[in-house]
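Undergrad: Show me how the following folds:
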Amino acid sequence: MKSISKKINLWTLLIWSMTLCLAVSCSKDEGTDPPIDKGGENGGENGGEENDDLEAINAYIENLSYNPDELLNVQDTGGGATERTVTNDNTINTGPTLGQLFECRTQDYNLESNFDDVAILRPTNGIVFPGALVVGNQGMLDGAPDPLTLGRAPVTLRLDLPGIGSQGNIVVDNPTNSSVQSSIDNALEWWNANAYQEGYVNASNSSYQASTSYSSKQFSLDVGLNVEWATGSLASQFEYESTTEKRYAGVVFKQVFYTVTMDTPSSPGSVFDTSVSQAAVASAMDSDTPPAYVSSVSYGRIIMVRMETTNTNTSVELDAVLEYAGGVSGVGTVNSTYDEILKTSNITVVTIGGNAEAASEAINLADIESGYGSLNSVITGENAVYSRDNPGVPIAYTIRYLKDNTLAKMGYTTDYRVESCQTFRYDHASVDVDNNSIFDVRYRFIYKTAGTNNTVIGGYNTVNNGQRSVKSPPDGAHDVEVEFQFQDAFVWRALGSPRSYGYLSSQKCFEVTNNLLLQITLSPISCN
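TA: Sure, this is the predicted structure:
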């Protein structure tokens with residue numbers, strides 16, 4: 001009986017063990033499904049995909065009816081960034097006065113420009129940061145868009161420093177200005193402590209634009225720093241307009257250390273928190289206030305080199321002089337005309353830093369080596385490269401519409417006038433003397449020099465018998481007289497009275513003859 005009892009106990013234990021295994025297996029099979037991947041391609045970790053109103057939000061935004069070109073004043077520039085049209089061209093000539101002619105040319109221009117890269121020239125008060133939601137209407141034209149303050153889904157950003165790898169993928173759970181900037185700082189510090197130590201160095205992406213300043217808005221549009229984006233002391237840096245007595249020009253160098261870009265949302269509603277309803281979205285935006293997002297922000301620095309000169313030689317473009325001084329490739333290596341203008345000019349360097357703070361510094365060109373690339377020491381240097389101690393500041397951003405992720409382009413237009421006056425010395429016609437006599441004759445010009453009343457008695461031009469001479473007074477001479485003499489044996493005698501012309505506007509031809517009695521005659525003749 002004991003043997004049978006032991007067998008029964010063993011079978012009982014075996015059956016209980018099998019039952020327990022089956023129960024555990026069934027429990028695993030009947031558990032919850034594995035977590036759904038909520039991030040990736042939609043600009044966030046959950047992207048609002050669990051929002052019950054997601055489809056309604058997407059439909060509402062996708063059905064907004066607006067023309068972004070009309071909202072943002074986009075100009076028809078023929079596909080280019082800018083288009084310049086001459087609307088009036090008038091030239092007035094005056095003189096001669098004291099031997100000088102004056103030509104003043106007035107040209108009126110209309111300048112149209114479109115920007116999709118907005119320079120940060122004013123405090124944005126935490127509104128503009130990578131991934132921020134803003135209103136995509138006319139408010140963007142002054143560089144300070146209005147914010148959209150609905151709840152946000154997590155956002156994924158990309159920092160493009162070399163060697164940063166996956167550490168450059170930044171996920172921000174609750175994207176606000178402070179949380180985004182803090183996350184970017186953490187990624188930068190990782191790069192400083194790791195990639196930089198391994199030898200990675202970022203080469204700043206530099207670009208430049210140069211222009212002569214005829215009006216503050218024209219100049220700002222030409223160099224890509226729209227004055228409408230600036231306020232206060234920074235706006236005053238553009239208030240320099242060329243005249244016929246003084247000319248201004250500037251070249252702007254944008255040095256981008258790195259750019260932070262937001263992942264493209266998979267759908268319009270994916271940027272909102274799951275708690276945001278379609279009604280809340282509809283109350284926050286409509287076709288007049290369409291939603292948009294800050295797609296990218298570039299960090300670095302902006303340097304404007306401004307030149308003031310009293311050199312009024314309008315045949316020389318001042319922006320070319322600044323390109324030469326800045327060592328821009330292709331401008332040339334030696335140019336004495338440019339060097340002379342630089343030596344007689346005042347140079348101011350304006351550094352545009354964080355939140356539109358501007359610092360200006362006068363540069364004495366006598367203290368630096370002149371010539372090609374003479375301003376390189378100002379433009380380059382330790383502040384031209386990203387480092388832990390020189391992280392750069394937000395200098396530009398781009399905006400895309402949430403409806404279709406198209407780039408927001410902003411248009412601006414301005415009219416301005418270019419006045420250029422030149423002074424020319426009067427160019428005289430010639431005096432033609434044909435000596436058909438047996439005597440030698442000579443003539444000279446008596447005149448006053450250009451711009452003065454100083455009288456000059458010129459040297460004689462001798463015309464031997466049977467010879468011909470053609471001469472003109474110096475350019476700029478005025479109150480011109482021509483005095484003739486002939487040689488009588490060993491004595492030079494006057495040949496008639498001096499002939500006064502003031503200005504020789506046409507050629508004067510003379511013939512010298514004598515008769516059988518050796519009487520000499522000076523006669524005006526046709527020059528034809």
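Undergrad: okay, CA-based contacts and neighbour counts for the rest of this
TA: Noted.
Undergrad: all strands of the stretch 201-350 of the chain, in order?
TA: In the stretch 201-350 of the chain, the strands defined using DSSP state E, counting those that start in this stretch lie at 205-213, 247-262, 291-309, 345-352.
Undergrad: got the residue ranges for the strands in the stretch 351-500 of the chain?
TA: Using DSSP E, counting those that start in this stretch, strands in the stretch 351-500 of the chain cover 358-363, 393-401, 410-425, 431-435, 441-448, 455-457, 461-463, 468-471, 478-488, 491-494, 499-502.
Undergrad: To Phe253, which of the ones you listed lies closest?
TA: Among the strands of the stretch 351-500 of the chain, strand 393-401 comes nearest to Phe253, with 11.5 Å by Cα to Cα.
Undergrad: With distance to Thr176 and mean pLDDT added, can I get the strands of the stretch 201-350 of the chain in a markdown table?
TA: Output for the strands of the stretch 201-350 of the chain, formatted as a markdown table (distance: least, Cα to Cα, whole Å; pLDDT from 0 to 100):
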| stretch | distance to Thr176 | mean pLDDT |
| --- | --- | --- |
| strand 205-213 | 28 | 79 |
| strand 247-262 | 13 | 89 |
| strand 291-309 | 12 | 90 |
| strand 345-352 | 25 | 78 |
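Undergrad: Please determine how far Met395 is located from Ile525.
TA: Check again: residue 395 is Ile, not Met. 75 Å (Cα to Cα, to the nearest Å).
Undergrad: the more surrounded of the two?
TA: Neighbour count, other Cα atoms under 10 Å: between Ile395 and Ile525, Ile395 has more, with 24 against 13.
Undergrad: Just to check, the more buried one is in contact with Ile120?
TA: Yes. Contact criterion Cα atoms under 8 Å: Ile395 and Ile120 qualify, at 5.0 Å.
Undergrad: Pass me the low-pLDDT residue ranges in the stretch 101-250 of the chain, would you?
TA: 196, 198-206, 232-233 (pLDDT under 70).
Undergrad: Just the helices from it, written as ranges.
TA: 177-193, 216-222, 232-236 (DSSP state H, counting those that start in this stretch).
Undergrad: which one of those has the most crowded surroundings?
TA: helix 216-222 (a mean of 23; mean count of other Cα atoms under 10 Å).
Undergrad: circling back: now the helices of the stretch 101-250 of the chain as CSV including distance to Val256?
TA: Converted to CSV, the helices of the stretch 101-250 of the chain look like this (distance: least, Cα to Cα, whole Å):
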stretch, distance to Val256
helix 177-193, 15
helix 216-222, 19
helix 232-236, 20
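Undergrad: Please name whichever of those helices is nearest to Asn515.
TA: Closest among the helices of the stretch 101-250 of the chain, using Cα to Cα: helix 216-222, at 73.5 Å.
Undergrad: residues contacting the residue nearest the centre of the chain?
TA: The chain has Val223 as the residue nearest its centroid, 2.1 Å off, counting by Cα atoms, centre = their mean. The contact partners of Val223, by Cα atoms under 8 Å, 6 or more residues apart in numbering, come to 208-211, 251-252.
Undergrad: will you turn the strands of the stretch 201-350 of the chain into TSV that also has mean neighbour count?
TA: Listed next are these as TSV, based on neighbours: other Cα atoms under 10 Å:
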stretch	mean neighbour count
strand 205-213	19
strand 247-262	24
strand 291-309	25
strand 345-352	20
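Undergrad: Reformat those strands as JSON lines; add distance to Gly458.
TA: Below are those laid out as JSON lines (distance: least, Cα to Cα, whole Å):
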{"stretch": "strand 205-213", "distance to Gly458": "43"}
{"stretch": "strand 247-262", "distance to Gly458": "38"}
{"stretch": "strand 291-309", "distance to Gly458": "37"}
{"stretch": "strand 345-352", "distance to Gly458": "38"}
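Undergrad: closest to Tyr416 out of these?
TA: Taking the strands of the stretch 201-350 of the chain one by one with Cα to Cα, strand 205-213 is closest: 10.0 Å.
Undergrad: CA atoms of the closest one as CSV?
TA: In CSV, the C-alpha atoms belonging to strand 205-213 read as follows (Å, rounded to 0.1, in the frame of the first residue of the first chain):
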residue,chain,number,x,y,z
ASN,A,205,29.2,78.5,-42.9
SER,A,206,30.0,82.1,-44.0
SER,A,207,28.1,84.2,-46.5
TYR,A,208,28.2,87.8,-47.3
GLN,A,209,26.2,90.5,-49.1
ALA,A,210,27.5,94.0,-49.9
SER,A,211,25.7,97.2,-51.1
THR,A,212,26.1,101.0,-51.4
SER,A,213,23.5,102.7,-49.1
